[in-house]
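K.L.:
A predicted structure for the sequence below; I have some questions about it.
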Amino acid sequence: MLGLVLATVAVAFFTLPLVGLLVRTPWSSAWRLLTDETTLQAVRLSLICSLWATGLSVVFGVPLAWVLARVPFPGRNVVRSLCTLSMVLPPVVGGVALFAALGRRGLLGHYLFDWFGIRLPFSMAGVVVAQTFVAMPFLVITLEAALRQLGERHEEAARTLGAGSWYAFRRVTLPMARPALIAGAVLSWARALGEFGATITFAGNFPGRTQTLPLATYLALERDPSEAIVLSLVLIGVSFVVLLAMRDRWLDAAVGRRV
Amino acid sequence: MVRKLLVSGPMRTPSRPRALLVLLVALLAVVGAGCGSDSDDSAATTTTAAPLGPTTSTTAASGTTTASKATGNLTVFAAASLTDSFKELGAQFEAANPGAEVTFNFAASSALVQQINEGAPADVYASADEANMTKLTDAGENGAAPELFAQNALEIIVGPGNPKGITGLADLAKEDVVFVTCAPQVPVGKYSAQAFEKAGVTATPVSYEADVKAVVTKVTSGEADAGIVYATDVKAAGDKGEGIEIPTAQNVVANYPIVVTKAAPNPTASAAFVDLVTSNDGSKTLEKFGFAQP
């Protein structure tokens, strides 16, 4: 009974602000704003960059999660903390930190600039870097927890049957951890899609190049709050549809098979 | 660790749900009460605040009883460009009015006016432009007529030693110059665009920043070669940046208005603070930080 009440409060806590947005939406001008070139550019850029960030998070995050879960080494806790610090770091500070590392005068960045002429800040690649920086920990933490929970029994069993460690990982561990991998990837993607602070700090704001939907929304708020509401509805709509589809198609199926 | 929690959990729970339930009910009651009395509250403050504002400002101006009158907490919503100067003015105010405590909320003028119009508890609003002040007066959230208290001109900020040898707006159009401005939605971005138009220069920045401090950071950190900011920002950057003046014919000057809000929780102290900002002493402090007098 109490649980139901609290759960209802929680649901209201999440839905009421959305209802509030819908109530304030200027429907008459919504269509014009949605089909505006700047909006479409921002939507396109947001989707492309967040998918890149998710891809990079998987490519680098899966091995990292595996190392953290399976390979004992001194200072593992410190490494784990360092790799997930960007989750709690204020995103703007994250952006400044990225400057210090990858900017034109940064630790690594000035070699990139001097030797290869690569300048990450103010570029689309910079957006992807900023988004990956804040999004990857979500995948790492989710997957590492799952790998720990699964334990090593199945991998060991596979190995006693003659499987190499890569084969065991690919054919035994990964399929078993698939729900966590997908959940982690979705969380990362959602975080990347909504990323604001690190992006605007590190990559700046230029329509069509680095102005993602959250940035466009924030700047619209400066001029016309109702325009910002329409833009944020686009963001909410896209995420909602994807999360819903993911849940039904992947998570349930994957979880269902395991049980 | 996990097991321990699981064991101790059920043993403690019997008393907890009831306590939580009581807490929840109490919470709902408070929220409900808050909603109910909201309209009466705001009505009450409006009727008292409006007549109080002007009266106290006259007594404060005569300078006899200011010290004893301004007490309690005072919340000032001020444009981000006023951060350093208002902090000093706040310290002066607290020194002159023992028992008064000034709390600042520094942010973009547009964000602040939106917060006030949404009901944020502000006593005083100081904007970096007249357009945002108009948003406040249009909503009827001002307790008196806004007063202009400072002006801020545009300057080009460059790194120490001016490595790219920039002398004016025209240099920003050069291909090898990486420069940033504020987005046209932000006042300083709008002024920058006007200044370029006046100078007859077409230059595209690499980024339209969301606020003027971000422009300063991009230049002082060396990521950009130049940026367009307020004169006060160049001064605040100290030796991390240099200012290149923009000729008056091309320059755009921002006017800063200040006002006591209609719903000011502390109208007496608010009026006294506005008096300090618009006084001669206030002007001197503001000038120290790069502001000009209107």
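P.N.:
Okay, I see it.

K.L.:
ok, residues contacting stretch B:201-209?
P.N.:
The contact list for stretch B:201-209, computed with C-beta atoms under 8 Å, 6 or more residues apart in numbering or on different chains, reads A:122, A:200, A:203-207, A:210-211, A:219, B:169-170, B:172-173, B:178-184, B:186, B:189, B:196, B:215, B:218, B:224, B:227. In this view, the C-beta of every residue, glycine as well, is placed from N, C-alpha and C.

K.L.:
same thing with stretch B:89-101?
P.N.:
So stretch B:89-101 is in contact with B:66-67, B:69-74, B:76, B:102, B:104, B:269, B:272-273, B:276-277, B:281-282, B:285-286, going by C-beta under 8 Å, 6+ apart.

K.L.:
Just the element for residue A:73, please.
P.N.:
Taking DSSP states H and E as the definition, one finds residue A:73 inside no helix or strand.

K.L.:
Backbone torsions only: list them for it.
P.N.:
Note on residue A:73: its backbone torsions stand at phi -150, psi 150 [degrees, to the nearest 10].

K.L.:
dump the residue contacts of residue 120.
P.N.:
Chain wasn't specified; assuming chain A. A:102-103, A:109, A:112, A:126, A:129, A:202-203.

K.L.:
oops, chain B please
P.N.:
For residue B:120, the contact set (C-beta under 8 Å, 6+ apart) comprises B:77, B:105.

K.L.:
just checking, it is part of a helix?
P.N.:
No: read with DSSP: H, G, I helix; E, B strand; the rest coil, residue B:120 is coil and lies in no helix.

K.L.:
distance of it from residue A:94?
P.N.:
Using C-beta to C-beta, to the nearest Å, residue B:120 is found at 27 Å from residue A:94.

K.L.:
so is the closest residue to chain B within the stretch 101-250 of chain A in a helix, a strand, or just coil?
P.N.:
Closest contact between the stretch 101-250 of chain A and chain B, by C-beta to the nearest C-beta, is at residue A:204 (2.7 Å). Under three-state DSSP, residue A:204 falls in the coil class.

K.L.:
Count the neighbours of the spatially closest residue to it that is not a sequence neighbour for me.
P.N.:
Excluding its sequence neighbours, the residue lying closest to residue A:204 (C-beta to C-beta, 6 or more residues apart in numbering or on different chains) is residue B:207, at 2.7 Å. By the measure other C-beta atoms under 10 Å in any protein chain shown, the count of residues near residue B:207 is 28.

K.L.:
Number of residues surrounding the residue in the stretch 51-200 of chain B that chain A sits nearest to?
P.N.:
As assessed by C-beta to the nearest C-beta, chain A sits closest to residue B:185 within the stretch 51-200 of chain B, at 3.7 Å. For residue B:185, the count of nearby residues is 19 (other C-beta under 10 Å).

K.L.:
and it, that one's in a helix?
P.N.:
No: looking at residue B:185 with three-state DSSP, it is coil, so not inside a helix.

K.L.:
what pLDDT does the residue nearest to it when sequence neighbours are not counted get?
P.N.:
Leaving out its chain neighbours, the residue that sits closest to residue B:185 by C-beta to C-beta, 6+ apart is residue A:222, at 3.7 Å. Residue A:222 carries a pLDDT value of 75.

K.L.:
For the helix or strand containing residue A:222, buried residues please.
P.N.:
Secondary structure from DSSP H and E places residue A:222 in helix A:213-223. Neighbour-count burial for helix A:213-223, counted by 16 or more other C-beta atoms under 10 Å in any protein chain shown, picks out A:213-222.

K.L.:
check contacts around residue A:169.
P.N.:
Counting by C-beta under 8 Å, 6+ apart, residue A:169 makes contact with A:66, A:155.

K.L.:
Would it be right to say that it lies in a strand?
P.N.:
No: per three-state DSSP, residue A:169 lies outside any strand segment and is helix.

K.L.:
what's near enough to touch residue A:128?
P.N.:
A:49, A:52-53, A:56.

K.L.:
closest to chain B among the residues you listed?
P.N.:
residue A:49 (15.4 Å).

K.L.:
The closest one: what's it in contact with?
P.N.:
Per C-beta under 8 Å, 6+ apart, neighbours of residue A:49: A:124, A:127-128, A:131, A:192, A:212.

K.L.:
Residue A:122 is in contact with the residue of the stretch 101-250 of chain A closest to chain B, correct?
P.N.:
Yes: counting by C-beta atoms under 8 Å, residue A:204 does reach residue A:122; the two are 4.6 Å apart.

K.L.:
and these two? which has more neighbours close in?
P.N.:
residue A:204 (29 against 24).

K.L.:
Quick check, pLDDT for the more buried one.
P.N.:
So residue A:204 comes in at 91 (pLDDT).

K.L.:
Run through the residues that contact it.
P.N.:
Contacts for residue A:204 were tallied using C-beta under 8 Å, 6+ apart; they are A:121-122, A:126, A:210, B:180, B:206-209, B:218.

K.L.:
quick revisit: okay, the contacts of residue A:128 in JSON lines with pLDDT and distance to residue B:91 next?
P.N.:
JSON lines is the format used below for these (pLDDT from 0 to 100; distance: C-beta to C-beta, whole Å):
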{"residue": "A:49", "pLDDT": "97", "distance to residue B:91": "45"}
{"residue": "A:52", "pLDDT": "97", "distance to residue B:91": "48"}
{"residue": "A:53", "pLDDT": "97", "distance to residue B:91": "45"}
{"residue": "A:56", "pLDDT": "98", "distance to residue B:91": "48"}
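
K.L.:
Show me the shaky parts of the chain.
P.N.:
In the absence of a named chain, chain A is used. Residue ranges of chain A with pLDDT under 70: A:247-259.

K.L.:
nope, chain B please
P.N.:
Using pLDDT under 70, chain B drops low at B:1-69.

K.L.:
The residue of chain B found nearest chain A and residue A:20: what is the separation?
P.N.:
Nearest residue of chain B to chain A, counting by C-beta to the nearest C-beta: residue B:207, 2.7 Å away. According to C-beta to C-beta, residue B:207 and residue A:20 sit 32 Å apart.
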